[in-house]
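Novice: could you look at this predicted model? Sequence included:
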Amino acid sequence: FFGRVAMGLLPFATSALTMIWLGGILAYLDVPLNVLSGVTVVLVFIIGAMECAHFINAYQRSYRGRPDANASFHAANSLRQVFWPIFFATVTTVLGFLFNIFTSVTFLEDFAVAICLAITINSLIICLLLPLLLEVFIKNDKKKSKKGVFSVVADIVLKAHKKMHSKSIIVVVVIFSIIS
């Protein structure tokens, strides 16, 4: 995608951030880890990678349709295209796993809580943070720069200071990550 290997790592990044947040929330809620906790990681990655791929694909279609438009336009356009499918996929998946809460098996109840939280968190990260990350990556591609990871992170932080909405999202992500 746009000639950058880092774009293929975005699903890993969103899933990893989800697992960090989930670990913090589960610790706060005093939900124990069990045998099914490993399954949670796999399911979050599979479902999250699918949602991330849909978002990146929508961004790519938007970019091909209007290559002259700026990255913010493509991010907003992509979010408009995939928000409702991601929302309904999240709701149906959460409802499917939520019924395990009503079982008498304790570790299934804990698994249901963990997976429902994880799927919800991952969808929020994809809808709120992924557009900002794509803006930074694509802007760097247009400049044909060979920036490293730290430069890209610095660009994200600088972009957050330029836009209040972006700043709020980045601040929330950092706070949740530190707390977790």
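Specialist: That came through, no problem. Numbering: from 1, shown residues only.

Novice: any weak-confidence spans in this protein?
Specialist: Low-confidence segments of the chain, defined by pLDDT under 70: 1-4, 6, 137-180.

Novice: state the phi and psi torsions of the residue located most distally from the centre of it.
Specialist: In the chain, the greatest distance from the average C-alpha position (Cα atoms, centre = their mean) is reached by residue 104, at 32.3 Å. With angles defined as degrees, to the nearest 10, residue 104 sits at phi -90, psi 0.

Novice: okay, buried residues for the strand or helix carrying residue 47 please.
Specialist: Element membership for residue 47, per DSSP states H and E: helix 37-65. Buried residues in helix 37-65, counted by 16 or more other Cβ atoms under 10 Å: 37, 40-41, 43-45, 47-49, 51-52, 54-56, 58-60, 62-63. Heads up, the C-betas are built off the backbone N, CA and C, glycines and all.

Novice: what is the end-to-end distance of stretch 96-110?
Specialist: By Cα to Cα, to the nearest Å, the extent of stretch 96-110 from end to end equals 15 Å.

Novice: which residues in the chain form strands?
Specialist: Counting by DSSP state E, the chain has no strands at all.

Novice: from the chain's centroid, how far away is the helix holding residue 47?
Specialist: 8 Å (Cα atoms, centre = their mean, to the nearest Å).
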